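S.K.: next input, structure requested:
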Amino acid sequence: MRNYDFSPLWRSSIGFDRLFDLAEMAQHAGENNYPPYNIERLSEDRYQISLAVAGFAPSDIAITAEQNVVVIEGSKPNHAERNFIHRGISTRNFKRKFNLADYVQVKSASFENGLLKVDLVREIPEAMKPRRIAINGAPADNVQKLETKAAA
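M.R.: Numbers count the residues shown, from 1 in each chain. Just a heads-up that it's a prediction; the model follows:
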């Protein structure tokens, strides 16, 4: 993978620091692909993270939601050493971090058929939503008054 230098963009952008930090983190991320996961957009403001955690029980998994980050950790207690001829189902410990956009919150988590599903919802506070601002000083029917004066 190529490495990109984001320094020229720092000079001409304001408020996009977090976006560039995320791009750099993705660029330097290791090749840890365990456990495999999907991120699905269910609707405009709803998302779901699905992790394939075969061999883990719900009690072996911990989900922690911090500000703009959800951390999913799994640790399997070591039982008596078993004699495997072939071991294809990995049960090693893992820790996955997912960076969340502003106002995205974890709503629920479920475990079904070896899949851990974490539901996310983006809830923008009412104060942060765009609103229309009225302009004072100019009546809305200004055009009609001018036409009335011209006709008289």
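S.K.: what helix or strand does F98 sit in?
M.R.: For F98, the element it lies in under DSSP states H and E is strand 94-99.
S.K.: just checking, what packs against that strand?
M.R.: strand 69-74 (3 or more Cβ pairs under 8 Å, 6 or more residues apart in numbering; DSSP states H and E). Using the backbone N, CA and C atoms, a C-beta is placed for each residue, glycine as well.
S.K.: who are the packing partners of the strand it packs on?
M.R.: strand 46-52, strand 61-66, strand 94-99, strand 115-122.
S.K.: the same query, at a cut-off of 6 Å, please.
M.R.: Applying 3 or more Cβ pairs under 6 Å, 6 or more residues apart in numbering; DSSP states H and E, one finds that strand 69-74 makes contact with strand 61-66, strand 94-99.
S.K.: between those strands, which gets nearest to A127?
M.R.: strand 61-66 (22.2 Å; Cβ to Cβ).
S.K.: got the buried residues for that closest one?
M.R.: Neighbour counts over strand 61-66 (16 or more other Cβ atoms under 10 Å) mark 61, 65 as buried.
S.K.: who are the packing partners of that strand?
M.R.: strand 69-74.
S.K.: what mean pLDDT does the strand it packs on have?
M.R.: For strand 69-74, mean pLDDT rounds to 92.
S.K.: what of stretch 47-61?
M.R.: Rounded mean pLDDT across stretch 47-61 is 91.
S.K.: could you do stretch 114-133 as well?
M.R.: pLDDT averaged over stretch 114-133 gives 86.
S.K.: ends of it, how far apart?
M.R.: In stretch 114-133, first residue to last residue: 51 Å (Cα to Cα, to the nearest Å).
S.K.: and it, what's buried?
M.R.: 116, 118, 120.
S.K.: return the distance of the nearest residue to the last one once chain neighbours are set aside relative to I72.
M.R.: The shortest distance from L120 to any non-neighbouring residue, by Cβ to Cβ, 6 or more residues apart in numbering, is to Y47 (4.3 Å). Counting by Cβ to Cβ, to the nearest Å, the separation of Y47 from I72 is 14 Å.
S.K.: now do L116
M.R.: For L116, the distance to I72 - Cβ to Cβ - is 7 Å.
S.K.: same deal with E81?
M.R.: 27 Å.
S.K.: wait, a helix at S59?
M.R.: Yes: according to DSSP: H, G, I helix; E, B strand; the rest coil, S59 belongs to a helix.
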